[in-house]
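In: let me see the structure of the following:
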Amino acid sequence: MEVWGPNRNGHSVQALKSRIRHLIVKGLRALVTYMHTSYGKHILKGTVLVLVGLLVAQAGYNVGLRKPPRIEYASSYMDFGKVIPGQRVSHSFLLENRGGRPLRLRKTRSSCSCARATVSTQSLEPGERGEMVVIWDTPSHGGSVRRTVLLETNDPSQPVVSFALLAEVESLAELYPSYIDFGLVEPNDLPQSRTVTVLLPNDANKDLRVWAPNRPDWLGIDLLHIDNLVRRLVVTLNCSVPCGFLADSLSIALDKSGKAAMSIPVLGEVIGDIEAVPPSFSLGLLEEGERRSCEVVVRPSTPETMRLHSIQVSENLNDCTNISVGRQGDELQLTCKVVAPPLKEERKAKCTMKGYIVVNMEPRNLAGESDARSEQTSCLAAQRTLQIPVFLSVRPGEGGTPQ
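Out: Residues are numbered from 1 along each chain as shown. You can find the predicted model right below:
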């Protein structure tokens, strides 16, 4: 066997390198000569085309990966047509990721607690499809209704996608008038009554009944049977009503379950011995846990004969409201600090709330005198009680549980 190496058979490493170079040059010359033939040219052209195709495909794949996520959907609204009041409807919105990176479906929220949305997955790969299912409890009042569901994504061109829910809610009955307004009420004008005529549909099996959740004692209700299709609702404002703004409502049901109901607003303002500035206030839209405060000035008409007895907050705001009292001359300055309460799990959407702040004054007995009002009826005592409506809307916080 021939062994290459220094001092073996007279050959050296340099001679070995020289021979290798000679062989490479000889092989390249033979390849070039072969490529000049027609068969060699076809092989060379095919090889070049394959290499170019591979390079183009790789470049396109890399470009596709660099594309951002892009959400596509078949429709951005759903019209349910005619529905009965309180009917529950649902719909699935189809979603697709047409981008080059994963599409994150971060969170859903709606314009009211009556609509809830869930997504089939929180991430869609490029080309993958999913859906968002919306369940909507339609309102109890008749007419055209529109609600909105928002979907938050990481699509830079559509970070928030809006989906509309439409319906025409049929009226279970016709109300004349559609609301009750007592207007400006003087204490001497109490009690006062207002009448609403209810025209029923042509269905003798319907059983009309009226109720008001947490109805106050100062609001009386009587239902008069006129004939098979006509009822008359008499609402009475008793003399024990507190002074201030009225912002209540009554509900009318046309079946025994109470699900198919209509709401009648009850409005008005009662003048008494106390007034508030402003007479009502709204805290606007708050996130869960967000703090907000407002100031209300309470002015007694005869401060020399009245003093503050107590301040109460309605039950739904009692745990999230703190009130501090200051005094400037004869006026009371109330600073109300409210922390938006957490939403219930089944109502993870914007929720509108209404509550009351009730200010109770009592007679101030002067030296050597007795207050004759302490011997009077509850009608006069009610004039020293002030009711201040409070309105706010609460939505899930940014750290809330995504749908």
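
In: over to residue 22: give its phi and psi.
Out: Note on residue 22: its backbone torsions stand at phi -60, psi -40 [degrees, to the nearest 10].

In: burial of it, as a residue count?
Out: 10 (other C-beta atoms under 10 Å). For every residue, glycine as well, the C-beta is placed using N, CA and C.

In: tell me how the chain divides into domains.
Out: Each structural domain of the chain that the record assigns through automatic domain parsing is listed here as a residue range: 13-66, 71-169, 174-270, 274-395.

In: comparing these by mean pLDDT, which bottoms out?
Out: Sorting the domains of the chain by mean pLDDT places domain 13-66 lowest, at a mean of 63.

In: I'd assumed residue 244 was in contact with residue 270.
Out: Yes: with the criterion set as C-beta atoms under 8 Å, residue 270 and residue 244 qualify as a contacting pair; they are 6.4 Å apart.

In: next helix or strand past the helix or strand hosting residue 325?
Out: Using DSSP states H and E, residue 325 falls within strand 321-328. The element immediately downstream of strand 321-328 (helix or strand, assigned by DSSP H and E) is strand 331-339.

In: quick check: angle from that following strand to strand 321-328?
Out: Using axes from the mean of the first three to the mean of the last three C-alpha atoms, to 10 degrees, one finds that strand 331-339 and strand 321-328 are set 160 degrees apart in direction.

In: give the buried residues for strand 331-339.
Out: Neighbour counts using 16 or more other C-beta atoms under 10 Å place 332, 334, 336, 338 of strand 331-339 among the buried residues.

In: distance to residue 262 added to the residues you listed, as CSV?
Out: As requested, those are exported to CSV (distance: C-beta to C-beta, whole Å):
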residue, distance to residue 262
332, 39
334, 36
336, 33
338, 31
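
In: for residue 84, state which of those residues is nearest.
Out: Checking the buried residues of strand 331-339 against residue 84 by C-beta to C-beta gives residue 338 as the nearest, at 36.7 Å.

In: so what's that closest one closest to, chain neighbours aside?
Out: residue 321 (5.1 Å; C-beta to C-beta, 6 or more residues apart in numbering).

In: distance check, the one you found against residue 295.
Out: Residue 321 is 14 Å from residue 295, where distance means C-beta to C-beta, to the nearest Å.

In: just residue 117 next, same as before
Out: Taking C-beta to C-beta as the measure, residue 117 falls 38 Å from residue 295.

In: okay, those two: which has more neighbours?
Out: Set side by side, residue 117 and residue 295 show more neighbours around residue 117, with 23 against 12, by other C-beta under 10 Å.

In: related to what we said a few turns ago, and the strand holding residue 325, what's buried?
Out: With the criterion 16+ other C-beta under 10 Å, strand 321-328 contains buried residues residue 321.

In: dump the C-alpha coordinates for stretch 320-337 into CSV.
Out: C-alpha atoms of stretch 320-337 as CSV (Å, rounded to 0.1, in the frame of the first residue of the first chain):
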residue,chain,number,x,y,z
CYS,A,320,-69.6,51.3,48.5
THR,A,321,-70.5,54.8,49.6
ASN,A,322,-69.0,57.0,52.2
ILE,A,323,-70.4,60.4,53.1
SER,A,324,-68.8,63.2,55.1
VAL,A,325,-70.7,66.2,56.4
GLY,A,326,-69.4,69.8,56.6
ARG,A,327,-71.1,73.0,57.4
GLN,A,328,-70.8,76.5,55.9
GLY,A,329,-73.2,78.9,57.6
ASP,A,330,-76.7,77.5,57.5
GLU,A,331,-75.9,75.0,54.7
LEU,A,332,-74.7,71.4,54.9
GLN,A,333,-72.0,70.3,52.5
LEU,A,334,-72.1,66.6,51.8
THR,A,335,-69.0,65.0,50.2
CYS,A,336,-70.0,61.6,48.7
LYS,A,337,-67.2,59.2,47.9
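
In: how about residues contacting that stretch?
Out: 291-300, 303, 308, 311, 313, 338-341, 355, 357, 359, 390 (C-beta atoms under 8 Å, 6 or more residues apart in numbering).

In: ok, 7 Å please
Out: The set of residues external to stretch 320-337 that reach it, using C-beta atoms under 7 Å, 6 or more residues apart in numbering, is 291, 293-300, 303, 308, 311, 313, 338-339, 341, 357.

In: what about those, which are in helices?
Out: Secondary structure from DSSP state H places none of the contacts of stretch 320-337 in helices.

In: what subset of those is buried?
Out: Restricting these to buried positions leaves 296, 298, 300, 308, 311, 313, 338, 341, 357, with burial counted as 16+ other C-beta under 10 Å.

In: please tell me how far the last one sits from residue 268.
Out: Here residue 357 is placed at a distance of 18 Å from residue 268 (C-beta to C-beta).

In: can you report how many residues neighbour the nearest residue to residue 339 once chain neighbours are set aside?
Out: Excluding the flanking residues, the one nearest residue 339 by C-beta to C-beta, 6+ apart is residue 320, at 4.7 Å. A count of neighbours around residue 320, defined by other C-beta under 10 Å, yields 19.

In: any idea how far residue 320 is from residue 171?
Out: Relative to residue 171, residue 320 is positioned 36 Å away (criterion: C-beta to C-beta).

In: same question, residue 231
Out: Plainly put, residue 231 is 15 Å away from residue 171 if you go by C-beta to C-beta.

In: these two - which one has more neighbours?
Out: A count of neighbours by other C-beta under 10 Å puts residue 231 above the other of residue 231 and residue 171, at 19 against 14.

In: specify the beta-bridge partners of the more buried one.
Out: Here residue 231 sits in beta bridges with residue 198, residue 225, as judged by DSSP bridges.

In: ok, now which ones touch it?
Out: For residue 231, the contact set (C-beta under 7 Å, 6+ apart) comprises 198, 200, 208, 223-225.

In: which element is residue 359 on?
Out: strand 351-363.
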